[in-house]
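Engineer: Quick one, fold the following:
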Amino acid sequence: MAYKSEDTPLKPLKWYKSLAGKKERLEAGAFLVEGERAVRQIAGNNPDAILEVLSTDEAPSFCGIYPYRHITGEQLRSITSTTTPQGIIAVVSIPTEIYSNVLPGNPGSRILLLEGVQDPGNVGSLIRTAVAFGFSGVIMSQKCADPLSPKVVQSTAGTILSLWIRRTNDYLSLARSLQNRGHSIVSTSLDGEEDPSYLHKADKLLLALGNEASGLSRDILELADYRLKIAIKDKAESLNVAACGAICMYLSR
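Structural biologist: You can find the predicted model right below:
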């Protein structure tokens with residue numbers, strides 16, 4: 001049985017709505033996750049991260065250990081940014097080092113680097129795909145969409161806490177540090193080689209993807225150990241960055 005709202009002080013609805021803004025999220029130390037599937041995944045993989053659950057129905061059984069607040073459908077729509085919200089949201093604590101420039105002690109052997117990927121749907125899809133193909137973490141430049149913004153979180157489908165994330169202006173320094181530790185940097189480039197075998201030959205991989213319009217900067221391209229071009233038919237000028245990333249991550253297995 002979930003702890004009812006009367007067991008904890010009620011926050012005004014505008015407090016939850018304010019978590020759509022980065023400043024407000026940082027001040028609160030929390031962000032929102034919407035939808036039963038996504039909340040269930042967070043509860044299963046990161047149970048201590050959930051601070052509170054709000055629902056238009058009785059709280060699902062997996063939410064029984066969390067403070068619970070019943071709200072109306074109209075109240076839920078006033079909080080979330082989606083046109084047709086899914087009936088349940090969780091208030092989730094922000095990972096402590098997500099905006100730092102310090103790598104985890106054990107960063108893992110497969111890491112994704114995003115430089116200037118600005119579309120929230122692309123960022124969320126790439127995070128979700130990285131989790132699906134066993135990547136340990138994602139490094140993001142400051143010009144990327146904020147990983148905890150509502151549209152990014154929604155696009156991750158509950159996987160947002162399933163790997164480590166670093167969003168920082170020092171992303172190039174982190175890339176160099178990983179390269180010094182033995183990670184091979186593979187960058188996608190229209191001027192690269194069409195042989196993807198390098199992706200799965202590397203014992204440790206840092207896969208770099210760039211801005212939707214301009215691609216990767218000269219800095220990361222010059223740092224790369226290998227530049228990869230995904231071969232496509234002439235009738236298509238290029239691939240969406242999320243599609244390109246999915247292909248590369250699949251081939252890196």
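
Engineer: could you give the mean pLDDT of stretch 105-117?
Structural biologist: The average of the pLDDT scores along stretch 105-117 is 98.

Engineer: got the end-to-end distance for it?
Structural biologist: 26 Å (CA to CA, to the nearest Å).

Engineer: Could you check that stretch and say which residues are buried?
Structural biologist: 107-117 (16 or more other CB atoms under 10 Å). The C-beta positions use only the backbone N, C-alpha and C, and glycine is treated the same way.

Engineer: Downstream of the longest helix belonging to the chain, the next helix or strand is which one?
Structural biologist: Identified as the longest helix of the chain according to DSSP state H is helix 120-132. Later in the chain than helix 120-132, the nearest helix or strand by DSSP states H and E is strand 137-140.

Engineer: what ranges do the strands span in the stretch 151-253 of the chain?
Structural biologist: Listed from the start of the chain, the stretch 151-253 of the chain has strands (DSSP state E, counting those that start in this stretch) covering 164-167, 184-193, 205-209, 226-228.

Engineer: Was I right to think E194 contacts A231?
Structural biologist: Yes: E194 lies in contact with A231 (CB atoms under 8 Å); the separation is 4.6 Å.

Engineer: Any regions of the protein where pLDDT drops low?
Structural biologist: Residues of the chain that meet the criterion pLDDT under 70 lie in 1-9, 234-237.

Engineer: Can you give me the separation between the closest residue to L103 other than its chain neighbours and G124?
Structural biologist: Among residues not flanking L103 along the chain, L174 sits closest, at 5.9 Å (CB to CB, 6 or more residues apart in numbering). Look at L174 and G124: by CB to CB, to the nearest Å, they are 21 Å apart.

Engineer: The two: who's more crowded?
Structural biologist: A side-by-side neighbour count of L174 and G124, using other CB atoms under 10 Å, places G124 first with 24 against 20.

Engineer: give the contact list for that one.
Structural biologist: Contact analysis of G124 by CB atoms under 8 Å, 6 or more residues apart in numbering lists 151-157, 160.

Engineer: With neighbour count and distance to V39 as new columns, can these be given to me in CSV?
Structural biologist: Formatted as CSV, those follow (neighbours: other CB atoms under 10 Å; distance: CB to CB, whole Å):
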residue, neighbour count, distance to V39
K151, 16, 17
V152, 23, 16
V153, 26, 11
Q154, 22, 12
S155, 22, 15
T156, 25, 12
A157, 18, 11
I160, 28, 11
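
Engineer: V33 and S93 touch, don't they?
Structural biologist: No: look at V33 against S93 with CB under 8 Å: they stay out of range, at 11.0 Å.

Engineer: who's more crowded, these two?
Structural biologist: Using other CB under 10 Å, the more surrounded residue of V33 and S93 is V33, with 26 against 15.
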